[in-house]
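Novice: with the input below, show me the fold.
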Amino acid sequence: MTALRLVHAAAGLTAAASLGVTLWTGMADRGVALAFGVLIAVGELTRWSGAPVRQAAPLGTAGSLSYALLGPDAGHQTLHDAPQVVSVVLAASLLGGVPHIWCGRTPTLDHLARRVLSVGFAAVCFQPLSNKGVFASWSGPAYALLLVALLVLTALCDAVLAAALAHSRTRWPFGPLLRDELRGLLGIGSAVCATGAVIALAVAVVGLWALPVFCLPLLLTQLSVRRYAAVRATNRQTIACLARATEIAGYTPAGHARRVAALSLAVGRDLGLSEGELTVLEYAALMHDIGQLSLVDPVPAGATAGLPPEEQRRIALLGGAVVRQTGVAAAVAVMVERQADPCRDQPVAARIIRAVNAYEEKARDAGPEGTLRALEELRLGTAGDYAPEVVESLARVLARSRAWRESAPAEATGDARHCLTPRGAG
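Specialist: Below is the predicted model of the structure:
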């Protein structure tokens, strides 16, 4: 947790120093500060309050970045400095977060720490030189390229901070976390950076009237992304309901599919799978046993790991055929079908599901020592049945979350993606 403490301490010192300097020297361009403060507060009020996302308050972020990179206001040079930028952004973010705090949706310290440090970085790079008139003679294209370059650097710094905080909280590999953050910049992150640059450029020409005009496209983008996220959440809930069909029919124990999906996701994270690969892994793990519905006589306790290879393969192929009828991505059906293939021929997701399913079946009713015995059996099977790297990753995940088997049943209605994930890592 060293990185977590360092980031929070740095953000706290930056915020305290900025507030102290601003109170000592007073506010410059109060009308401009008020306008941007209102914009940031509105952005925080409209932040997403559902499942954690990479950019929960795009409008607030765009407003913060544009204020940090604001030069002239309708042709008149502004005089606010970097400490004032941080102070206004911090105060507006806290003010906009009050309703969420009141409703119990408290913004995490990680969110505020990243906001303070990233905005402070952009303001320190730009405001001192801007206030000295260094950029006064720059032509339009050169000035725009300057803002874009600073926004790219700021986005990269924020991605590193986000990955470091997530790594500190979850102990997942830093490299894949950073890779996912950088990929996220190509989505709504690019829209946020573009909006921040456009607002700063537009205010320099037409004044503060540009704020509501140029925020509208980002609001529409946020609405579209939110609807897309809602559709994905609905699809996942539908898949989770389908996965329970084997439990309702008595073919598998209650909660088996959800536990396999949760532990498979944790192993996938540990092995560095991307977000897209994790989604396929989760869906396939939830539906890995659905082929058992074709059996006339259920397998005792739904334990397919001990069946002959031919029977395992038949169940897997039948399960893949069912998955293809649900409209889920074809990659999910492929993972379900290939979980019974020889280990050396399987893709990574299928290897994970196979090993985790076998572990869950072996350790489920084996008592206090079941975990160790199940892992030992999996290690003995790495000669042909299970991938060694997956088994070792599973051992690492279980070592970091020893209470998984006790806590998972109590969270049977929760999201399998997060039941092994420490919250607040966003």
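Novice: can you tell me which residues contact Asn131?
Specialist: 77, 79, 81 (C-beta atoms under 8 Å, 6 or more residues apart in numbering). All C-beta atoms are positioned from the backbone trio N, CA, C, and that covers glycine.
Novice: tally of neighbours for the first one?
Specialist: I take that to be Gln77. By the criterion of other C-beta atoms under 10 Å, Gln77 has 14 neighbours.
Novice: with the second one instead?
Specialist: Burial measure for Leu79: 12 neighbouring residues, criterion other C-beta under 10 Å.
Novice: make 636 the first number, not 1, from now on.
Specialist: Sure, I'll start counting at 636 from here, so that last one is Leu714.
Novice: assign a three-state SS to it, would you?
Specialist: Counting by DSSP: H, G, I helix; E, B strand; the rest coil, the backbone at Leu714 sits in coil.
Novice: excluding covalently adjacent residues, which one is nearest to it?
Specialist: Spatial nearest neighbour of Leu714, chain neighbours left out: Ala663 (4.3 Å); criterion: C-beta to C-beta, 6 or more residues apart in numbering.
Novice: which intervals of the stretch 886-1035 of the chain have sub-threshold pLDDT?
Specialist: Applying pLDDT under 70 to the stretch 886-1035 of the chain flags the ranges 931, 936-937, 1000-1003.
Novice: ranges for the helices of it?
Specialist: Taking DSSP state H, counting those that start in this stretch as the criterion, the stretch 886-1035 of the chain carries its helices at 891-905, 910-921, 944-959, 965-973, 983-998, 1005-1015, 1023-1035.
Novice: same question, the stretch 736-885 of the chain
Specialist: If you assign secondary structure with DSSP H, counting those that start in this stretch, the helices in the stretch 736-885 of the chain sit at 744-766, 775-805, 809-819, 825-841, 845-878, 880-883.
Novice: so which elements touch the shortest one?
Specialist: Meaning helix 880-883. The helices and strands touching helix 880-883, judged by 3 or more C-beta pairs under 8 Å, 6 or more residues apart in numbering; DSSP states H and E, are helix 891-905.
Novice: sorry, back to before: closest to Ala864 among the contacts of Asn766?
Specialist: Nearest to Ala864 among those is Asp716, at 37.9 Å by C-beta to C-beta.
Novice: gap between the closest one and Pro977?
Specialist: In this structure, Asp716 lies at 65 Å from Pro977, with C-beta to C-beta, to the nearest Å as the measure.
Novice: so those two - more neighbours on which side?
Specialist: Neighbour comparison, Asp716 and Pro977: the larger count goes to Asp716, with 20 against 10 (by other C-beta under 10 Å).
Novice: need the contact list for that one.
Specialist: Applying C-beta under 8 Å, 6+ apart, one finds that Asp716 lies in contact with 656, 660, 663, 758, 762-763, 766.
Novice: from those, which would you call buried?
Specialist: The neighbour-count criterion (16 or more other C-beta atoms under 10 Å) marks 758, 762, 766 among those as buried.
Novice: was I right to think the second one contacts Leu714?
Specialist: No: under the criterion of C-beta atoms under 8 Å, Gln762 makes no contact with Leu714, lying 9.4 Å away.
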